[in-house]
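Colleague: Okay, here's the prediction I keep looking at, along with the sequence it came from:
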Amino acid sequence: MSRFKLHMQHHFNPLHVYCRLRDWGFSYGVARIVSGCYERLLYRLVLA
């Protein structure tokens, strides 16, 4: 697998997105909902 794709998979991983949202001050619930929606709507279609 290419280094670029591995890099993208890491940075756009739903857990990584969740952690960044928490770092930016989002509450647990909001970050969980946003990262869950992101995973279902974008991540699985684009990078998986």
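Modeller: Yep, that arrived.
Colleague: how about the nearest residue to the residue most central in space within the chain, chain neighbours excluded?
Modeller: Among the residues of the chain, the one closest to the centroid is P14, at 2.5 Å (Cα atoms, centre = their mean). Spatial nearest neighbour of P14, chain neighbours left out: E39 (3.9 Å); criterion: Cβ to Cβ, 6 or more residues apart in numbering. (Each C-beta comes from the backbone N, C-alpha and C, glycine too.)
Colleague: ok so, going back, the residue nearest to the centre of the chain contacts I33, correct?
Modeller: No: counting by Cβ atoms under 8 Å, P14 stays clear of I33, with 11.6 Å between them.
Colleague: if we can go back for a sec, who touches the residue nearest to the centre of the chain in this structure?
Modeller: 35-36, 38-39, 43 (Cβ atoms under 8 Å, 6 or more residues apart in numbering).
Colleague: And those, which two are furthest apart?
Modeller: The largest separation in those, counting by Cβ to Cβ, is between G36 and Y43 at 10.2 Å.
Colleague: Now restrict the contacts of P14 to buried residues only.
Modeller: Using 16 or more other Cβ atoms under 10 Å as the burial test, these include 35, 38-39, 43 as buried.
Colleague: Kind regards, and thank you for your time.
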